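S.K.: Here is a sequence together with a model predicted from it:
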Amino acid sequence: SEVSSRVSALLAGETDLTVNVPPNEVPRIEEQEGTDITAVPSTRIIFAPMRYDVEPFSSPEFRRALNYAVDLDSIIENVLDGFGDPTSQATLSGYTGHNDDVEPYPHDPERAEELVEESGHAGAEITLETPVGRYLRDVEIAETVAGFIDDLDNVSCSVQQREFGALVQEIVDGKLETRPAFHLIGFGNPTFDAARNILPYLVSDGAWMHWADDRVDELMAQAGEEGDPEEREALLEEANAIIHEEAPWVFLNRQYSVYGVSDRIEWDARRDERIVVKEMELA
C-alpha cells in the first residue's frame with residue numbers, strides 16, 4: 001500500500017508492474033535503466049460530492065462558490081504534473097451524454113466570496129474528508145482543494161483523512177443521513193455512457209444519492225426509455241447542463257492511470273484500469 005515501497009520494489013527488479021505511481025516518482029522510474037512509465041487517461045472521475053440536505057451545502061450558491069474557489073488547472077499542473085484533465089460535469093469527455101457546451105468553472109475567488117455572501121453562509125466552517133492512497137495523489141488533491149477554499153475570506157475549510165473502506169461504507173450504506181457531508185471520491189465508468197455516472201449519485205432513488213433534482217429525475221427516466229440514440233443523448237446532455245449549474249459536486253479531474261513497468265514485459269495500459277495478464281508478453 002505504500003507508494004515508496006511499490007516504486008522501490010520495481011526499481012529493485014522485484015516486481016514488473018506497479019500502479020498509481022505519483023508524479024514526483026515518474027522521473028526516478030524513467031531515468032533508471034530497465035524501467036519506464038506508461039500512462040493513459042482512465043475512465044475514472046475524481047470529484048467532491050456535497051450533501052444537499054445539510055447546511056451550508058443545501059445552498060446552490062454555496063456549492064457554486066466552492067467550484068469558483070478551486071483552481072483546477074493549478075491542481076492538474078502542480079499536484080498531478082499534467083496527469084489529469086479538468087471536468088465540468090458528471091460525465092467525462094468522449095462519453096455518450098457529455099455536454100460539450102459546458103465548460104469547467106473558472107478560478108474566480110472574488111465571485112466565490114460573492115456567492116458565499118448570497119448563500120447566507122458567510123463564516124461557514126467545513127471539512128473535506130478524503131481517502132488515503134486510494135486515488136492518484138488523493139490526499140494532496142484534497143489538501144489543495146481545501147486550501148483554495150480556506151483562502152476565501154468568508155469560508156474555512158480543513159481536511160480529514162479517512163481509511164478508504166470506512167469512508168466507502170458510509171457512502172454505500174443506503175442512508176443519506178450517515179453519508180459524509182463533503183468528501184473526495186472517485187468513480188470509474190467503463191461503459192462510456194453518462195447514465196452510469198449520474199444514476200447512482202444524482203437522482204432521488206440512486207443507490208449512493210447525495211443530491212437530487214426533479215428535472216434531472218425526469219430527464220434520466222426519459223433517457224432510460226428512449227430508443228432513439230440521438231434523442232437519448234440530448235436528454236443526457238441536458239441533465240449534465242443542469243448538474244453543472246446546480247453544482248452538487250466540486251468538479252475535479254479525470255484520473256490518469258500511471259504505471260511503472262519493467263522492460264521484462266510488453267504491455268499496453270487500458271483506459272478501464274483493468275490489468276489483464278493474458279494481454280502481457282515477456283519481452
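M.R.: In hand now; what should we look at? Residues are numbered from 1 along each chain as shown.
S.K.: Please enumerate the strands of the stretch 101-250 of the chain.
M.R.: 124-131, 155-162, 185-188, 249-262 (DSSP state E, counting those that start in this stretch).
S.K.: from those, which stretch is densest packed?
M.R.: Compared across the strands of the stretch 101-250 of the chain, strand 249-262 shows the largest average neighbour count, a mean of 24 (mean count of other CB atoms under 10 Å). Where you see a C-beta, it was placed from the backbone N, CA and C, and this is true even at glycine.
S.K.: And the pLDDT for residue 20?
M.R.: Note for residue 20: predicted pLDDT of 87.
S.K.: List the contacts of it.
M.R.: 3, 6, 133, 135, 136, 257, 258 (CB atoms under 8 Å, 6 or more residues apart in numbering).
S.K.: Compare the residues you listed and tell me which has the most neighbours.
M.R.: Neighbour count (other CB atoms under 10 Å) singles out residue 136 as the most crowded of these, with 27 neighbours.
S.K.: for it, what are its contacts?
M.R.: Going by CB under 8 Å, 6+ apart, the list of residues near residue 136 reads 20, 22, 80, 83, 84, 255, 256, 258.
S.K.: Surely the fifth one is in contact with residue 73?
M.R.: No. The pair formed by residue 84 and residue 73 falls short of the contact definition of CB atoms under 8 Å, at 10.0 Å.
S.K.: mean confidence for stretch 156-175?
M.R.: 94.
S.K.: Show which residues not belonging to that stretch make contact with it.
M.R.: 123-134, 139, 142-143, 145-147, 149-150, 178-180, 183, 185, 207-208.
S.K.: With just CA atoms, put that stretch into CSV.
M.R.: The C-alpha atoms that make up stretch 156-175 are tabulated as CSV, following Å, rounded to 0.1, in the frame of the first residue of the first chain:
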residue,chain,number,x,y,z
SER,A,156,-12.9,28.0,6.5
CYS,A,157,-12.0,24.5,5.2
SER,A,158,-10.0,21.7,6.7
VAL,A,159,-9.1,18.1,5.6
GLN,A,160,-9.9,14.9,7.5
GLN,A,161,-8.0,11.8,6.2
ARG,A,162,-10.1,8.6,6.2
GLU,A,163,-9.4,4.9,5.7
PHE,A,164,-10.9,4.1,2.3
GLY,A,165,-13.0,1.2,3.4
ALA,A,166,-14.6,3.0,6.3
LEU,A,167,-15.4,6.1,4.1
VAL,A,168,-17.0,3.9,1.4
GLN,A,169,-19.1,2.0,3.9
GLU,A,170,-20.7,5.3,5.0
ILE,A,171,-21.4,6.2,1.3
VAL,A,172,-23.0,2.9,0.3
ASP,A,173,-24.9,2.0,3.5
GLY,A,174,-28.2,3.2,2.0
LYS,A,175,-28.7,6.1,4.4
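S.K.: So for stretch 232-244, mean pLDDT?
M.R.: Stretch 232-244 comes out at a mean pLDDT of 98.
S.K.: and the gap between residue 135 and residue 263?
M.R.: Distance, residue 135 to residue 263, using CB to CB, to the nearest Å: 27 Å.
S.K.: How about residue 131?
M.R.: For residue 131 relative to residue 263 (CB to CB), the value is 32 Å.
S.K.: Which strand or helix spans residue 39?
M.R.: strand 35-49 (DSSP states H and E).
S.K.: pLDDT at residue 49, what is it?
M.R.: For residue 49, pLDDT reads 97.
S.K.: what about it, how many neighbours?
M.R.: 24.
S.K.: again, but for the one 10 residues further on
M.R.: Other residues lying near residue 59 total 19 when counted by other CB under 10 Å.
S.K.: From residue 80, how far out is residue 280?
M.R.: Counting by CB to CB - residue 280 and residue 80 are separated by 26 Å.
S.K.: Looking at these two, which is more packed in?
M.R.: More crowded of residue 280 and residue 80, by other CB under 10 Å: residue 80, with 22 against 16.
S.K.: my guess is the more buried one contacts residue 253, does it?
M.R.: Yes. Counting by CB under 8 Å, residue 80 touches residue 253, with 6.8 Å between them.
S.K.: Overlap in contacts, the two.
M.R.: residue 141.
S.K.: of the contacts of residue 20, closest to residue 241?
M.R.: Of all these, residue 135 has the smallest distance to residue 241: 26.6 Å, by CB to CB.
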